[in-house]
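Novice: With the input below, show me the fold.
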Amino acid sequence: MSNLDIAPSETVCEAGVETMLAEPAVEIIEAREVPLGGPRAMNVRRTLPQKARSLIGAWCFADHYGPDPAGPRRMDVPPHPHTGLQTVTWLFAGEIEHRDSSGGYTMVRPGQLNLMTAGRGVQHSEVSTAAEGVLHGVQLWTALPAHARHGRAFFEHSEPPVLEHQGARVSVFLGSLLGYTAEATAFTPIVGAQFDLPPGASVSVPVDETFEHGVLVDAGDISFEGVHVPRASLGYRAPGASMLTLANRGYSPGRIVLIGGEPFGEQIVMWWNFIGRTHDEVVAYREQWQREVIDGETDAGRYGRVEGYIGRDGAAGKALPAPALPNVRLRPRG
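Specialist: Take a look at the predicted model:
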């Protein structure tokens, strides 16, 4: 998914000492509403990145959307670039057509992981279909560490098994949890999993105590370590816990997405759909996107080509131009 903000801010993200020394309490990160493109935009609820917290392990971006009436092209994101990250698409309902310049193509459906590793550069498109009549899910990004961020782009699609744990149904789509390791490629110690909690259920989940964790609530009256986490909000827990407690105190089914990992340990610069390490690096990524793809000076270049994307007008769709850069250089926060 693209960040379609027309004036995206540059963000320096770093897992620092303040994260490692945080008190073992749950911090609530509230979502902000962001329109996902144009006059017919669907709104998404974004919890990462924010000023209060920009990383949980390598997780650096979290959008939560729906349930919305699906309809054809409810989500219609034209080809757009990424660098230095992985996109993680995970649906609760609906269907999305994915195309990317590494040759990846699939229809993403509930319970299936769609993972695209951008490496040094890739572009992709995402278009929802009318399947199920509802579109509902999460779009997440992970930051690639230094040793992997200049590698080739590639695409993976998998369907993790559903595990049973103390009455909850669990799908581990990235990393390791509950004795299961997902087949998807991970470049840092990490975990991503969906938990479906019956009404009144409480589960204890053994975790790596070096990890920090976040719980994104989709449905239910959810408590995380005894702290209520409102729907669409993210509850954060600092490293140090070897067991996490999740409970659904309500009378309807609950659903959460658990993300976590070792504190990332590298400073990153995020702007629009690019992740780099410096302001100048991100500027160069943007200039290359505009020159190679938008102005069409080369057939491939850093970002390659997306084949087969059709725009709303039925013609071959055009790629998204990058927004204008801010007129100031990046200054780290804190």
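Novice: any idea where the strands of the stretch 51-200 of the chain begin and end?
Specialist: Per DSSP state E, counting those that start in this stretch, the stretch 51-200 of the chain carries strands over the ranges 59-69, 76-82, 85-93, 96-100, 105-108, 113-117, 122-128, 134-143, 154-158, 162-165, 168-177, 180-181, 190-197.
Novice: Spatially central residue for this structure, please.
Specialist: Nearest to the mean C-alpha position of the chain, by C-alpha atoms, centre = their mean, lies L140 at 0.7 Å.
Novice: That residue contacts A58, correct?
Specialist: No. Shown here, L140 and A58 do not form a contact pair, counting by C-beta atoms under 8 Å, at 10.2 Å. (Glycine included, C-beta is placed from N, CA and C.)
Novice: What residues sit buried inside stretch 103-117?
Specialist: Judged by neighbour count (16 or more other C-beta atoms under 10 Å), stretch 103-117 contains these buried residues: G104, T106, V108, R109, P110, Q112, L113, N114, L115, M116, T117.
Novice: looking at the chain, which helix or strand does the model trust least?
Specialist: helix 17-20 (a mean of 42; mean pLDDT, DSSP states H and E).
Novice: following that one, which helix or strand comes up?
Specialist: strand 26-29 (DSSP states H and E).
Novice: quick check: mean pLDDT across that next one?
Specialist: Average pLDDT, strand 26-29: 97.
Novice: Check stretch 62-76 too.
Specialist: The pLDDT scores in stretch 62-76 average 87.
Novice: what's next to that stretch, contact-wise?
Specialist: 1, 31, 34, 36-37, 42-48, 92-96, 126-141, 214, 216, 218, 232, 234, 259, 312 (C-beta atoms under 8 Å, 6 or more residues apart in numbering).
Novice: do the same with stretch 190-197
Specialist: 57-59, 88, 90, 140, 142, 167-177, 182, 203, 207-208, 211, 213, 220, 222, 246-248, 253-262.
Novice: what is the mean pLDDT for that stretch?
Specialist: 98.
Novice: which regions of the stretch 151-300 of the chain lie under the pLDDT threshold?
Specialist: Low-confidence segments of the stretch 151-300 of the chain, defined by pLDDT under 70: 298-299.
Novice: Done for today, thanks.
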